[in-house]
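Student: Prediction below, plus the sequence it came from.
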Amino acid sequence: MVKTVESIEQRVEDLIKSATLLEKATAMERREALKRCNEALQLATEANYLLGKAKAFKLKGIHHVQLSEFKEGLDAFLQEEKIRRQIGDELALANAIHNVANAYHYLNNLQKAMMLYLEAMQKFESLNELGRLRSVYNNIGWLHFKIGNYAESLDYYLKCQKIAEESGDKADIAQAFNAVGTVYQKMGELDQALKFYFKSLKLSEEVGSDEGRGMAFGNIGIVYYEMKRYEEALEANYQSKQIFEDIDHTYHLSMALASIAACYEALKMESEALFFYEESLKAAKKSGNVQVEVEVLQKQAGLLLKRNEKEDALHLLRNALRIGRKAQLKNILLQVYRLMVDAYRALGDFESALSAHESFYELEKELFNEESNRKIRNMQLVFELEQGKREMELEKQKNAELTRLNAELSEANRLKTELLGIAAHDLKNPLQSILGFAELIKERTKDAFAQQYAQRIRAASERMVEMITLLLQDAAMSQGKIALNLSEVSVSELCESVGEFYRARAEEKSQVLEMQIEPNCMVLADRQYLFQIVENLLSNAIKYSPNGKKITLSLRRIDTEKAIQIAVSDEGQGLTEEDKSKLFGKFQRLSAKPTGNESSTGLGLAIVKELVELHHGKIWAESEGMDKGSTFFIQIPIFQNA
């Protein structure tokens with residue numbers, strides 16, 4: 001029997017070895033390797049060979065990730081991690097956790113990725129595994145870079161640099177210098193960025209890395225361009241071009257050629273710019289670099305418009321639009337539509353110009369909402385990362401140290417809230433001025449385009465004012481500066497007033513607003529804040545309900561509890577169990593999305609909850625699940641305790 005088990009384990013190891021491929025393996029080779037992984041898993045499971053199962057799951061995860069099947073890769077890595085915990089090998093477990101973190105990162109679940117990166121980091125630090133620690137530092141630095149947290153990103157990249165310098169590996173040091181330079185460039189510290197790019201170039205030359213040299217020259221060229229030192233930028237980009245031509249790396253070559261063209265355009269050398277844009281376009285098509293292809297088409301068209309070659313420009317813009325739509329390159333498409341408006345106007349085709357302008361506006365609005373949502377998600381993630389990092393640090397400290405750290409963090413949070421309040425307050429006044437000037441433009445001009453732009457300026461400013469008002473209110477609440485101005489309030493009349501105010505908005509979406517208001521319901525409350533509470537719930541119901549649905553605002557007295565109960569029901573997208581768990585948190589994003597392209601701050605329900613609790617009331621929501629509607633309840637006592 002022992003011999004049989006040993007032979008099975010050997011067969012598992014042989015299968016795993018045969019399924020281990022080089023990084024540049026083809027998709028077909030990886031599919032075949034996955035079959036061998038599954039065979040190894042089956043045999044290892046039958047023999048209860050845990051180490052073999054862990055190895056097979058790890059290899060499965062690697063192949064799925066290389067095939068861009070990130071969900072399947074995550075599942076395999078999670079299985080590996082579970083088994084590694086059973087085996088008890090700390091180094092193998094740390095590697096497994098790192099693999100799981102990478103999979104979450106690929107799936108853009110940045111919160112889970114970061115928490116696991118930090119866990120893997122702690123294990124590698126305790127094991128003094130500097131090579132692996134450098135890798136996890138690099139991943140944490142990249143994640144912070146993605147969410148715009150550049151100070152943290154720089155900190156981790158500098159840690160990578162330190163480990164690389166201690167190891168003496170010049171290729172790793174060059175890579176670290178390049179990463180540090182990228183962060184400095186994003187932070188606008190161009191002299192510092194240039195310094196690190198030149199360091200990376202020097203080391204790449206010493207180790208004979210052509211790709212490293214090409215990348216360094218390219219980055220140097222971009223920084224010089226941003227500094228408006230176009231001749232020096234041109235020289236660096238030519239060096240990058242030559243290197244990538246020599247090693248036949250057409251993907252990076254397309255970018256180097258585009259950078260050369262941009263330099264010539266900045267130097268007013270239009271013929272040279274057009275030539276290199278065309279060369280860049282050829283390289284981009286050959287390498288499949290779609291983003292560069294669309295960007296170059298757009299820039300070519302812009303240059304042709306300056307030369308009054310309108311028809312040729314329009315032809316390029318149509319190509320850019322076709323390719324860009326397919327690749328979902330929204331930011332570049334925005335510029336394409338803008339240039340199409342100019343091209344059609346120049347040709348006297350005002351109907352097509354208007355159509356392109358409408359497309360421009362719709363895409364601009366979509367990008368604005370996406371960017372707002374992204375910023376809110378990033379703010380939430382930074383908050384959660386800080387919270388998670390704090391918890392991990394606190395676990396290492398003794399009780400006296402814990403008290404000190406909590407005091408410091410509390411003060412930092414207070415200062416952050418105070419600074420947020422100051423910043424929001426300082427933004428509010430100029431925005432009010434923008435609103436006023438937009439209104440003046442609408443009243444005093446007869447130009448249809450100007451009036452349309454003025455209306456859009458006003459709408460965008462109103463959204464910003466609303467967001468700033470909520471931020472100021474949240475800051476005031478966090479600092480305990482909200483006080484209730486209590487008086488006897490007719491909740492019946494208040495609900496009728498809110499309902500009538502929002503009826504027109506519901507009708508715009510063909511929604512039916514039904515009110516079931518019990519008369520003579522009185523409470524001792526702050527009328528302004530009570531109005532805000534009801535208004536928020538009703539506007540949310542309209543915002544997240546599809547067209548044609550019914551929304552109900554009801555009010556009743558609960559004599560047994562000496563309270564009134566307000567309920568807002570809809571037939572909209574409903575709530576999942578996960579939604580319910582984070583419903584009243586700050587900057588939360590739920591599964592439901594606005595149905596009319598409306599915007600959301602992620603603060604409304606959190607503020608409503610605090611206002612309800614200030615009235616000694618309670619708020620909750622009920623829903624049977626997705627697409628089954630939801631009901632929000634507020635219960636407030638008739639008399640407030642002092």
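Tutor: Structure's in. What do you need? Residues are numbered from 1 along each chain as shown.

Student: quick one: buried residues of stretch 158-177?
Tutor: For stretch 158-177, a neighbour-count test (16 or more other C-beta atoms under 10 Å) marks 159-161, 163-164, 169-170, 172-177 as buried. (C-beta placed from N, C-alpha, C; glycine too.)

Student: my bad, stretch 439-449
Tutor: I441, K442.

Student: So which residues make contact with that stretch?
Tutor: Residues external to stretch 439-449 that are found in contact with it (C-beta atoms under 8 Å, 6 or more residues apart in numbering): H357, A450, Q451, Y453, A454, Q455, I457, R458.

Student: Of the buried residues of stretch 158-177, which pair is most distant in space?
Tutor: Among the buried residues of stretch 158-177, the pair separated by the greatest distance (C-beta to C-beta) is K159 and K170, at 18.2 Å.

Student: Mean pLDDT per element in the chain, and the minimum belongs to which helix or strand?
Tutor: helix 399-444 (a mean of 60; mean pLDDT, DSSP states H and E).

Student: picking that back up, I would like a PyMOL command selecting only the buried ones among the contacts of stretch 439-449, please.
Tutor: Those of the contacts of stretch 439-449 that count as buried under 16+ other C-beta under 10 Å are selected in PyMOL with:
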select buried, resi 357+451+453+454+457+458
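
Student: Out of the contacts of stretch 439-449, name the ones that lie in helices.
Tutor: H357, A450, Q451, Y453, A454, Q455, I457, R458 (DSSP state H).

Student: Tell me how far the closest residue to the fourth one other than its chain neighbours lies from Y137.
Tutor: Leaving out its chain neighbours, the residue that sits closest to Y453 by C-beta to C-beta, 6 or more residues apart in numbering is I441, at 7.9 Å. As for I441, its distance to Y137 is 52 Å (criterion: C-beta to C-beta, to the nearest Å).

Student: same check, this time on H63
Tutor: H63 is 26 Å from Y137, by C-beta to C-beta.

Student: swap in R456?
Tutor: Counting by C-beta to C-beta, the gap from R456 to Y137 is 44 Å.

Student: Those two: which is more packed in?
Tutor: Neighbours per residue (other C-beta atoms under 10 Å) separate R456 from Y137, with Y137 holding more: 24 against 14.

Student: Which helix or strand lies directly C-terminal to the helix or strand hosting the more buried one?
Tutor: Element membership for Y137, per DSSP states H and E: helix 130-146. Downstream of helix 130-146, the next assigned helix or strand under DSSP H and E is helix 150-167.

Student: then that next one to CSV, C-alphas only?
Tutor: Taking Å, rounded to 0.1, in the frame of the first residue of the first chain, the C-alpha atoms of helix 150-167 are listed here in CSV:
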residue,chain,number,x,y,z
TYR,A,150,1.0,59.1,-4.5
ALA,A,151,2.8,59.7,-1.2
GLU,A,152,2.1,56.1,0.0
SER,A,153,3.1,54.8,-3.5
LEU,A,154,6.4,56.7,-3.3
ASP,A,155,7.1,55.3,0.2
TYR,A,156,6.7,51.7,-1.0
TYR,A,157,8.7,52.2,-4.2
LEU,A,158,11.5,53.7,-2.1
LYS,A,159,11.4,50.6,0.1
CYS,A,160,11.7,48.5,-3.1
GLN,A,161,14.7,50.6,-4.2
LYS,A,162,16.4,50.1,-0.8
ILE,A,163,16.1,46.3,-1.0
ALA,A,164,17.3,46.3,-4.6
GLU,A,165,20.3,48.4,-3.7
GLU,A,166,21.1,46.1,-0.7
SER,A,167,21.0,43.1,-3.0
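
Student: hmm, who's touching it?
Tutor: Contacts for helix 150-167 (C-beta under 8 Å, 6+ apart): 130-131, 133-134, 137-138, 140-142, 144-145, 172-173, 175-177, 179-180, 183-184, 186-187.

Student: Can I have the buried ones of those as a ChimeraX selection?
Tutor: To isolate the buried members of the contacts of helix 150-167 in ChimeraX, using 16+ other C-beta under 10 Å:
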select :130,133,134,137,138,140,141,142,144,145,172,173,175,176,177,179,180,183,184
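
Student: what number of residues lie near S352?
Tutor: Other residues close to S352 by other C-beta under 10 Å number 16.

Student: How about the one 4 residues further on?
Tutor: For A356, the number of neighbouring residues by other C-beta under 10 Å comes to 23.
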